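structure, please.
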Amino acid sequence: MAYDNHSSSGAASARARSNEPVYSASEDVPPSAMESPMGPHEPAPQNLPDIPYPPPAQPYRAGISDDLRVPWGWMELALFVILGVIGSVVVTWGMAQVAVRFFGANSSEVFGATMSTTKSVVVLISQAVLDGLAILYLYLMLLARTPEPFWPSIGWREMRPGTGKIRDSALQFLAGGAVLAIVVSFAGGFLNSKETLPIEELLQARVSIVLFGILGVLVAPLVEETIFRGFLYPVIARRLGMAAGIALTGTLFGLMHAAQLWGGWGQIALLILVGVVLTWVRARTGTVAASYLVHLGYNGLQLVGYLIYVVGGSHH
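Numbers count the residues shown, from 1 in each chain. Down below sits the predicted model:
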């Protein structure tokens with residue numbers, strides 16, 4: 001009987017007849033290669049250390065709106081206040097030294113207790129420098145925390161979906177600010193202080209009035225809205241709620257102007273009310289651009305009224 005050398009049974013029979021040893025597949029592999037280095041019956045290692053997951057980017061509560069999800073918190077606010085206090089002293093002193101040493105200003109006029117024309121100019125320019133440094137701080141702070149563009153990150157964005165476009169509503173916000181200025185001016189007429197307020201002493205000279213007008217219309221609304229409604233409000237509202245955020249931010253806004261109106265407690269109270277309204281607009285629309293336009297309309301009409309007051313000869 002012939003055998004098929006290609007079948008397994010035939011190959012096995014042929015090897016048997018030729019007295020060749022028969023190997024299994026396992027015999028071709030060294031025993032050490034088939035067994036685990038830890039032994040065939042040793043259990044798997046236990047209690048391995050857990051690999052930590054990266055922490056979440058921001059621990060927001062449920063229901064927090066997108067305009068409050070900002071990459072800064074209380075520590076950044078505290079640092080801003082500390083640097084602001086130090087900066088106000090250093091910058092004002094530095095500007096006074098520059099006026100005396102490089103522009104020949106009279107030292108007694110600059111450092112004296114009374115408000116001279118030179119001193120008023122130094123104060124206003126110092127405020128402009130501080131405004132620029134405040135924006136620089138916010139820019140550098142955000143640069144280290146987010147790759148997103150600066151202005152949208154600090155709150156300058158479109159209004160919430162369903163509330164329209166900021167460009168389409170710009171005139172309404174400006175008009176609202178003008179109406180607010182009329183209401184505040186009317187109410188302030190019943191609260192006029194008999195004392196001369198610091199801001200009235202500051203604006204004795206025409207050059208001071210011009211500088212104050214430029215800063216009040218072109219600089220102050222942009223910087224103050226960025227700081228209070230863009231930087232401060234989201235942190236307070238995220239922690240304490242929208243109502244508390246509106247009230248506290250508006251109060252701090254009014255108190256920031258207290259030095260200019262010291263002695264005019266009614267005017268300070270009205271400015272707190274203005275701050276609350278501006279913050280409410282920011283909270284309602286979800287954008288600093290809306291409160292900026294209201295602020296711009298408010299300051300613009302206030303300035304026009306003051307210029308009419310001065311040109312009319314009522315300013316002494």
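
can you list contacts of stretch 71-85?
With contact meaning C-beta atoms under 8 Å, 6 or more residues apart in numbering, stretch 71-85 is reached by 57-58, 130, 134, 137-138, 141-142, 145-146, 153, 231-232, 235, 239. All C-beta atoms are positioned from the backbone trio N, CA, C, and that covers glycine.

how about a cut-off of 10 Å?
Stretch 71-85 is contacted from outside by 57-58, 70, 87, 90, 130, 133-134, 137-138, 141-142, 144-146, 148, 153-154, 227, 231-232, 234-236, 238-239, using C-beta atoms under 10 Å, 6 or more residues apart in numbering.

again with stretch 94-114
87, 93, 115-119, 121-130, 201.

give me the distance between the two termini of that stretch.
Using C-alpha to C-alpha, to the nearest Å, the end-to-end distance of stretch 94-114 comes to 19 Å.

roughly how far is that stretch from the heart of the chain?
Centroid separation for stretch 94-114 versus its chain: 35 Å, with C-alpha atoms, centre = their mean, to the nearest Å.

how about it, which residues are buried there?
With burial defined by 16 or more other C-beta atoms under 10 Å, the residues of stretch 94-114 counted as buried are Met95, Ala96, Ala99, Val100, Ala105, Glu109, Val110.

kindly report the same for stretch 75-88.
Applying a neighbour-count criterion of 16+ other C-beta under 10 Å, one finds Glu76, Phe80, Gly87 buried in stretch 75-88.

which pLDDT value goes with the closest residue to Leu240 other than its chain neighbours?
In space, Leu240 comes closest to Leu248 once its chain neighbours are excluded; the distance is 7.3 Å by C-beta to C-beta, 6 or more residues apart in numbering. Per-residue confidence (pLDDT) for Leu248: 98.

surely Leu248 touches Gly254?
No. Under the criterion of C-beta atoms under 10 Å, Leu248 is not in contact with Gly254, lying 11.0 Å apart.

just the buried residues out of the contacts of stretch 71-85, in PyMOL syntax.
Applying 16+ other C-beta under 10 Å to these leaves a buried subset, and the PyMOL line that selects it is:
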select buried, resi 70+87+130+133+134+137+138+141+142+153+154+227+231+232+234+235+236+238
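
and the helices in the stretch 51-200 of the chain?
Secondary structure of the stretch 51-200 of the chain, counting by DSSP state H, counting those that start in this stretch: helices at 74-103, 107-111, 117-143, 150-153, 170-188, 198-202.

now do the shared contacts for Leu248 and Gly254.
Here Leu248 and Gly254 share the contacting residues Gly275, Val276, scored by C-beta under 10 Å, 6+ apart.

farthest pair within the buried residues of stretch 94-114?
Taking C-beta to C-beta as the measure, these span a maximum distance of 13.6 Å, between Met95 and Glu109.

so where's the stretch 1-150 of the chain shaky on pLDDT?
By pLDDT under 70, the low-scoring segments of the stretch 1-150 of the chain are 1-63.

in a markdown table: the helices of the stretch 51-200 of the chain, plus distance to Gln267.
As requested, those are arranged in a markdown table below (distance: least, C-beta to C-beta, whole Å):
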| stretch | distance to Gln267 |
| --- | --- |
| helix 74-103 | 22 |
| helix 107-111 | 27 |
| helix 117-143 | 19 |
| helix 150-153 | 32 |
| helix 170-188 | 6 |
| helix 198-202 | 9 |
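
looking at the ones you listed, which is nearest to Leu301?
For Leu301, the closest of the helices of the stretch 51-200 of the chain is helix 170-188, at 4.1 Å, according to C-beta to C-beta.

helices and strands around the closest one, which ones?
The contact analysis (3 or more C-beta pairs under 10 Å, 6 or more residues apart in numbering; DSSP states H and E) places helix 170-188 against helix 265-285, helix 288-311.

weakest of those helices in terms of mean pLDDT?
For the helices and strands packed on helix 170-188, mean pLDDT drops lowest on helix 288-311, to a mean of 91.

that helix vs helix 170-188, what angle?
Put simply, helix 288-311 runs at 50 degrees to helix 170-188, going by axes from the mean of the first three to the mean of the last three C-alpha atoms, to 10 degrees.

can you give me the buried ones in helix 288-311?
Quick answer for helix 288-311 (16+ other C-beta under 10 Å): 288-303, 306.

alpha carbons of that helix, as PDB, please.
The C-alpha trace of helix 288-311 is given here as PDB (Å, rounded to 0.1, in the frame of the first residue of the first chain):
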ATOM      1  CA  VAL A 288     -19.500  94.600  27.600                       C
ATOM      2  CA  ALA A 289     -20.100  96.300  24.300                       C
ATOM      3  CA  ALA A 290     -23.700  97.100  25.300                       C
ATOM      4  CA  SER A 291     -22.800  98.700  28.600                       C
ATOM      5  CA  TYR A 292     -20.000 100.600  26.900                       C
ATOM      6  CA  LEU A 293     -22.400 102.200  24.500                       C
ATOM      7  CA  VAL A 294     -24.800 103.200  27.400                       C
ATOM      8  CA  HIS A 295     -21.800 104.600  29.300                       C
ATOM      9  CA  LEU A 296     -20.600 106.500  26.200                       C
ATOM     10  CA  GLY A 297     -24.000 108.100  25.700                       C
ATOM     11  CA  TYR A 298     -24.200 109.000  29.400                       C
ATOM     12  CA  ASN A 299     -20.700 110.600  29.600                       C
ATOM     13  CA  GLY A 300     -21.200 112.300  26.200                       C
ATOM     14  CA  LEU A 301     -24.400 114.100  27.200                       C
ATOM     15  CA  GLN A 302     -22.900 114.900  30.600                       C
ATOM     16  CA  LEU A 303     -19.900 116.500  28.900                       C
ATOM     17  CA  VAL A 304     -22.100 118.500  26.500                       C
ATOM     18  CA  GLY A 305     -24.200 119.800  29.400                       C
ATOM     19  CA  TYR A 306     -21.100 120.800  31.400                       C
ATOM     20  CA  LEU A 307     -19.600 122.600  28.400                       C
ATOM     21  CA  ILE A 308     -22.900 124.500  27.900                       C
ATOM     22  CA  TYR A 309     -22.700 125.300  31.600                       C
ATOM     23  CA  VAL A 310     -19.200 126.700  31.300                       C
ATOM     24  CA  VAL A 311     -19.600 128.500  28.000                       C
END
